[in-house]
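Participant: I'll drop the sequence and a predicted model, then ask my questions.
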Amino acid sequence: MSSEFNLIYQHIAPLAGSRGDVVLGIGDDGAVVQPQQGKQVVVALDTLVEGRHFFVGQDAADIAYKSLAVNLSDLAAMGATPKWALLSLALPQSCATSTWFERFMTGWSDLAQQVDVALIGGDTTYSDTLTVSVTLMGEVKVGQAITRSGAQVGDDIWLSGSVGDAGLALTKLLAEQQLHAAIEQRLHRPTARVALGQALVGMATSAIDISDGLLADLGHLLKASQVGAVLRIEAMPFSVAVSEWVEQSGWEKPLTSGDDYELLFSASSQYRSQIQLLALALGLEISCIGKIAAQDQGLIITKEGKEQAIPSRKGFDHFASADIMKTS
């Protein structure tokens, strides 16, 4: 087992990455960064706990990748450009080894290099349970951050990618059933829609990323914007595997299972063609799944024109005994 400082300086610092706006990075009591003039700093933090957010004994590279990806997704939902990260690790002795750290930093670097994020500091400590906390900072032009509170009655509701894949993967893994590698990848290494979020600045009236479940996260957006919504099940983007799951188990699970890290956003119908062109430019499916309605209508879900019952469980709840495992 290596010492704390050997692990930091031998395995974390060399792969921390660099940016011109990092004045002082790893190695001091604090980091110093230089935001651009005319920009505001957007900050997000997520904590992942072994056995709650990822499997016990899961590959360290996957854990690291996902710990950064879920924060990137938060910044994407606000239209921000990610730049600087802080990493906190609470480690059992079994993880405080050079081999584990090498795997962890490989996974971190795989994603950090793609999005040009510099690791500028953090903390390591002992714990009986492996816990990873990441604070991610980025920039957006002053006054242009996309929030949850701007949706307007009549706006279209859009969803990137597809939903339900991560939930299907978790269901099969917990049941010890085989699943396609691409579906499992959606669970362990989600794709944060960073480019999409940045492109939506000025078009999206509100946005949120899908972490706890589409219905749960839509509920947060509707509450913040003080509006209602009408969703169409037939417009939902499901993969082939999830479509088969829907046929077997109904549409409720893919919309409440979470961990998809897609962007759910609203926009005026005047931007419909621009959003469709944006989807082509990014090579990403972006589906119009409903409309923003008046607040007194609440949430209405239809399938082929027929109103559906709203599930009582809309998404993952960290404090619900039934939700024994979430993968981020």
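Facilitator: Arrived safely, thanks for sending.
Participant: Run through the stretch 201-328 of the chain and note the low-pLDDT ranges.
Facilitator: 318-328 (pLDDT under 70).
Participant: how about the helices in the protein?
Facilitator: 4-7, 60-77, 98-115, 165-174, 181-188, 194-199, 214-225, 240-249, 252-256, 272-282 (DSSP state H).
Participant: any idea how far the nearest residue to residue 143 once chain neighbours are set aside is from residue 230?
Facilitator: Once flanking residues are discounted, residue 143 sits nearest to residue 40: 7.7 Å by Cβ to Cβ, 6 or more residues apart in numbering. Using the backbone N, CA and C atoms, a C-beta is placed for each residue, glycine as well. Using Cβ to Cβ, to the nearest Å, residue 40 is found at 33 Å from residue 230.
Participant: go on, residue 121?
Facilitator: For residue 121 relative to residue 230 (Cβ to Cβ), the value is 46 Å.
Participant: same deal with residue 24?
Facilitator: Taken as Cβ to Cβ, the span from residue 24 to residue 230 is 51 Å.
Participant: do the same with residue 291
Facilitator: Taking Cβ to Cβ, one finds residue 291 at 5 Å from residue 230.
Participant: swap in residue 101?
Facilitator: In terms of Cβ to Cβ, residue 101 sits 49 Å off from residue 230.
Participant: If you count surrounding residues, which of those two has more?
Facilitator: residue 101 (24 against 17; other Cβ atoms under 10 Å).
Participant: wait, residue 239 sits on residue 161?
Facilitator: No: the pair residue 239 / residue 161 is not scored as a contact, 9.2 Å apart, by Cβ atoms under 8 Å.
Participant: what are the bridge partners for residue 301, then?
Facilitator: residue 231 (DSSP bridges).
Participant: Contact partners for it?
Facilitator: 230, 231, 233, 307, 308, 310 (Cβ atoms under 8 Å, 6 or more residues apart in numbering).
Participant: From the residues you listed, pick the one nearest residue 183.
Facilitator: Nearest to residue 183, judged by Cβ to Cβ, of those is residue 233 at 20.8 Å.
Participant: check contacts around the closest one.
Facilitator: 251, 301, 302, 303, 304, 308.
Participant: Filter these down to the buried ones, PyMOL style.
Facilitator: Applying 16 or more other Cβ atoms under 10 Å to the contacts of residue 233, the buried members can be selected in PyMOL as follows:
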select buried, resi 251+301
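Participant: want to throw the contacts of residue 233 into CSV with distance to residue 150?
Facilitator: Below are the contacts of residue 233 laid out as CSV (distance: Cβ to Cβ, whole Å):
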residue, distance to residue 150
251, 28
301, 23
302, 25
303, 28
304, 31
308, 27
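Participant: domain ranges for this protein?
Facilitator: 4-141, 156-307 (automatic domain parsing).
Participant: Which one, of those domains, ends up nearest to residue 148?
Facilitator: domain 156-307 (3.9 Å).
Participant: mind checking how far the closest one is from the chain centre?
Facilitator: 12 Å (Cα atoms, centre = their mean, to the nearest Å).
Participant: and the end-to-end length of it?
Facilitator: 19 Å (Cα to Cα, to the nearest Å).
Participant: do the same with stretch 188-199
Facilitator: 26 Å.
Participant: buried ones in it?
Facilitator: For stretch 188-199, by 16+ other Cβ under 10 Å, it's 188, 190, 191, 192, 193, 194, 196, 197, 198, 199.
Participant: Contacts only, for the last one.
Facilitator: Residue 199 makes contact with 278, 282, according to Cβ under 8 Å, 6+ apart.
Participant: Recalculate using a threshold of 10 Å.
Facilitator: 79, 193, 274, 275, 278, 281, 282 (Cβ atoms under 10 Å, 6 or more residues apart in numbering).
Participant: Show me which of those residues are buried.
Facilitator: Buried among these by 16+ other Cβ under 10 Å: 79, 193, 275, 278.
Participant: Widest-spaced pair of these?
Facilitator: 79 and 275 (14.1 Å).
Participant: what do residue 239 and residue 161 both touch?
Facilitator: Counting by Cβ under 10 Å, 6+ apart, the residues touching both residue 239 and residue 161 are residue 186.
Participant: Name the nearest of the contacts of residue 233 relative to residue 266.
Facilitator: residue 301 (16.6 Å).
Participant: could you list every residue that touches the nearest residue to residue 147 once chain neighbours are set aside?
Facilitator: Closest residue to residue 147 in three dimensions, ignoring its sequence neighbours and counting by Cβ to Cβ, 6+ apart: residue 206, at 6.4 Å. Going by Cβ under 10 Å, 6+ apart, residue 206 touches 77, 146-152, 155, 157, 221-222, 224-225, 227, 264-267, 292.
Participant: Could you pull up the residues touching the residue nearest to residue 24 when sequence neighbours are not counted?
Facilitator: Nearest residue to residue 24, sequence neighbours excluded (Cβ to Cβ, 6+ apart): residue 32, at 4.0 Å. Applying Cβ under 10 Å, 6+ apart, we find residue 32 in contact with 21, 22, 23, 24, 25, 120, 121.
Participant: Wait, the first one touches residue 33, no?
Facilitator: Yes: taking contacts as Cβ atoms under 10 Å, residue 21 lies within contact range of residue 33: 5.7 Å.
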